[in-house]
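Undergrad: Sequence first, predicted coordinates after that:
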Amino acid sequence: MTKKQKNLLIRVIAAGILMAVIAFLPLDNYPVIRFLLFLIPYLTVGYDILRKAFKGILNRQVFDEHFLMAVATIGAMALGEYTEGVAVMWFYQIGELFQSYAVGKSRRSISDLMDIRPDYANIETEDGKIEKVDPDDVEVGTIIVIEPGEKVPIDGVVREGKTTLNTAALTGESIPQDVAPGDEVISGCINMSGVIRVETTREFDESTASKILDLVENASSRKSRSEQFITKFARIYTPAVCYSALALAVLPPLVRLLMGMDPTWGSWIYRALTFLVISCPCAIVVSIPLSFFGGIGGASSQGILIKGSNYMETLSQVRTVAFDKTGTITKGNFSVTGVHHSTMINDTLLELAALAESHSSHPISRSLKLAHGKELDLGRVEDVQEISGSGVIAVVDGHNVAAGNLNMMRHVGVTGRDCHSAGTIVHVAVDGKYAGHIVISDEMKDTSREAMQALKAAGVKKTVMLTGDKESVAKAVAEMVGIDEYHAGLLPADKVRIVEEMLQAEGEKEKLAFVGDGINDAPVLSRADIGIAMGALGSDAAIEAADVVLMDDDPRKIAKAIRIARKCIRIVYENIYFAIGVKLACLLLGALGIADMWLAIFADVGVMVLCVLNAIRCLAVKRV
Amino acid sequence: MKKTYKIDVDCANCANKMEEATKKTKGVKDASVNFMALKMKVEFEDGVDVDAVMQDVIKNCKVVEDDCEIFL
């Protein structure tokens, strides 16, 4: 609790006791003394509200909640309803206290969830001692020491030492990652086992941990439609209720007076005061940012960064999810999965192909090298000739080797055998004779299939895969993971076009999400209703381009993100309907004289407490 | 130019009012107050004296909500 809150708590308790004591004193025959005695708890608990109300009037900002409370309670006291006057102020302050406590509490629990902010960095001084410094002061290129149990404070490259890092705070998944000299480390990870010396490659502000924190903290600055609605609502609601209260206090008695009846001023003024107590919009105004803050914070603890409350809203309405294939559904690491129709030993064919392709840095050549598994003697390769879009011709050990697609085979005058396997096929011809082909394919992620089912369960109607890969590969992948629709052989511009077509076909509350790795699909990410980048840990481009960022590359997180957004939005609407509903009902009952001030207090403070408690549920995302 | 300031304010509605007041201040292009993070993002018009504008912003915020603080 802060000092302010403690102070208020003491005042509330003191005033409560005083009020109870005074209420039981036999003072019915001494009205002046009774009034003066009640003034003590009233001022104890409410003096700051009265002061603020007064200042508000001076600043011509009349219609704020302090003014409402001041008028309502002073009015009640003037009508001789001392207990109610004090009680309204008392409950109002309890509500304020509760609200400020709850908000503070969720602020803290978010920062606990996001426990990635490093407090210090260790620098080795010249005499070999280790000194703790503010990470802000560490320059790029400094060597920092990270001991077991400490957080990596700044992004960098390991120079000395080996260890295992825990990335749970960033990804929500506790998968240990081994690092050795030369490996990159990302701030926010926790060093588990050994001491490492890291050369920093970024400033603290530019490091992953700082960027993520910044992103989460700023997320609620992008306001959702419901927040904008409430801001507008609050602006109209309070003055409207105030004027109605005034009308209620004056008009009916005047009418009664004209009709020759008893005007019953007291009763109508009392009803008007009840109106004022109900008119405070606090409950909804606080519960909505609190819900979004909780939802966004909770999601980020699971490795899902949602960049704004508005994206929460869009995410909850996603009906179509379009995927890029490589890196999202598949792992994006190509590997040799077969050697067919080889006229020589399979390994020899692989070796020849690997040697011929050895000068290329294409993923295909890398996977050939990997499958060959041995060091390649580049001295055996001569006369490398790359034929764009077809493959490579080279002289290996004096033999003419051609490796590439069927075009390549045609180019060297050889009939290649087509392959039925899904994947990239590298045909090899040696000295003008067909020597067989090698199948290279991308591995499916283990969780892709499950992820598609989870999406369907989360209410997504259609899943679509967009890929630059060929038809047969796309078809195989789509069938294997259970995707409804696929488009193959697309250039980046085609992906944008297809996404645009899908956007036009969708209805009002049906949104389209595009999931990519964020590296080469930025245009599509920004074109879709909501762009989701995955496997973003350490990739600034992806974090920059997307609206929702999944820190690791588990596609199941997409469905989880949608579920979290749904839950959060549901809570927001529950609160809006509940709070406005109860208030309108109480206003009506108050106008009819059925609801007294006690009910009005419930409509104000009680609704606020319930809304805040409901909003806090957004924080619980683990089992969503 | 955009700048972010730490703020202190007790209620969500007051934060909204601060946002309104800041937006209306001369020299401010756009502003956004984040009640939960207690931060205020201000986008300034080109070529204004940021410090002077922020003094006005504080003054205007104090008018709508006396009990608020902006840490420059």
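TA: Yep, it's here.
Undergrad: list the buried ones in the longest helix along chain B?
TA: If each helix of chain B is counted by residues according to DSSP state H, the longest one is helix B:50-64. Going by neighbour count (16 or more other CB atoms under 10 Å in any protein chain shown), the buried part of helix B:50-64 is B:53-54, B:57-58, B:60-64. The way it works is simple: take the backbone N, C-alpha and C, and place the C-beta from them, glycine included.
Undergrad: Among those, which pair sits farthest apart?
TA: Pairwise distances across the buried residues of helix B:50-64 (CB to CB) peak at 16.9 Å, for the pair B:53 and B:64.
Undergrad: Wait, residue A:363 touches residue A:334, no?
TA: Yes - proximity of residue A:363 to residue A:334 meets the contact threshold set by CB atoms under 8 Å, at 4.9 Å.
Undergrad: Comparing these two, which residue is more hemmed in?
TA: residue A:334 (23 against 16; other CB atoms under 10 Å in any protein chain shown).
Undergrad: Run through the bridge partners of the more buried one.
TA: For residue A:334, the beta-bridge partners are residue A:442 (DSSP bridges).
Undergrad: Enumerate every residue touching it.
TA: A:363-364, A:366-367, A:424, A:440-442 (CB atoms under 8 Å, 6 or more residues apart in numbering or on different chains).
Undergrad: if I look at residue A:73, how far off is residue A:61?
TA: Separation of residue A:73 from residue A:61 (CB to CB, to the nearest Å): 19 Å.
Undergrad: quick one, which of those two is more surrounded?
TA: residue A:73 (29 against 18).
Undergrad: What residues does residue A:140 make contact with?
TA: A:200-203.
Undergrad: Looking at those residues, which one is closest to chain B?
TA: Nearest to chain B among those, counting by CB to the nearest CB, is residue A:203 at 17.1 Å.
Undergrad: The closest one: which element?
TA: Assigned by DSSP states H and E, residue A:203 falls within no helix or strand.
Undergrad: same check, this time on residue A:287
TA: Assigned by DSSP H and E, residue A:287 falls in helix A:282-301.
Undergrad: and that helix, what does it pack onto?
TA: helix A:82-113, helix A:208-219, helix A:225-258, strand A:304-306, helix A:309-316, helix A:556-591, helix A:607-616, helix B:12-24 (3 or more CB pairs under 8 Å, 6 or more residues apart in numbering or on different chains; DSSP states H and E).
Undergrad: Check which residues of the first one are buried.
TA: By neighbour count, with 16+ other CB under 10 Å as the criterion, the buried positions of helix A:82-113 are A:82-103, A:106-107, A:109-110, A:113.
Undergrad: Setting the sequence-adjacent residues aside, check what's closest to the residue nearest the centre of chain B.
TA: Geometric centre of chain B, nearest residue: residue B:22, 4.5 Å, by CA atoms, centre = their mean. Nearest residue to residue B:22 in three dimensions, chain neighbours excluded: residue B:31, at 3.9 Å (CB to CB, 6 or more residues apart in numbering or on different chains).
Undergrad: what does residue A:352 give?
TA: For residue A:352, the spatially nearest residue (CB to CB, 6+ apart) is residue A:401, at 5.3 Å.
Undergrad: Regarding the one you found, what is its secondary structure?
TA: Of the three states, residue A:401 takes strand under DSSP: H, G, I helix; E, B strand; the rest coil.
Undergrad: Could you report the pLDDT at residue A:16?
TA: Residue A:16 is assigned 90 on the pLDDT scale.
Undergrad: Helix, strand, or coil at the residue of chain B positioned farthest from its centre?
TA: What lies farthest from the middle of chain B is residue B:47; by CA atoms, centre = their mean that is 18.3 Å. Using three-state DSSP, the structure places residue B:47 in coil.
Undergrad: Residue A:427 falls within a strand, correct?
TA: Yes - Residue A:427: assigned to a strand according to three-state DSSP.
Undergrad: Correct me if wrong: it contacts residue A:418.
TA: No - using CB under 8 Å, residue A:427 is not in contact with residue A:418; the gap is 9.3 Å.
Undergrad: Deepest in the core, which of the helices and strands packed on helix A:282-301 is it.
TA: strand A:304-306 (a mean of 27; mean count of other CB atoms under 10 Å in any protein chain shown).
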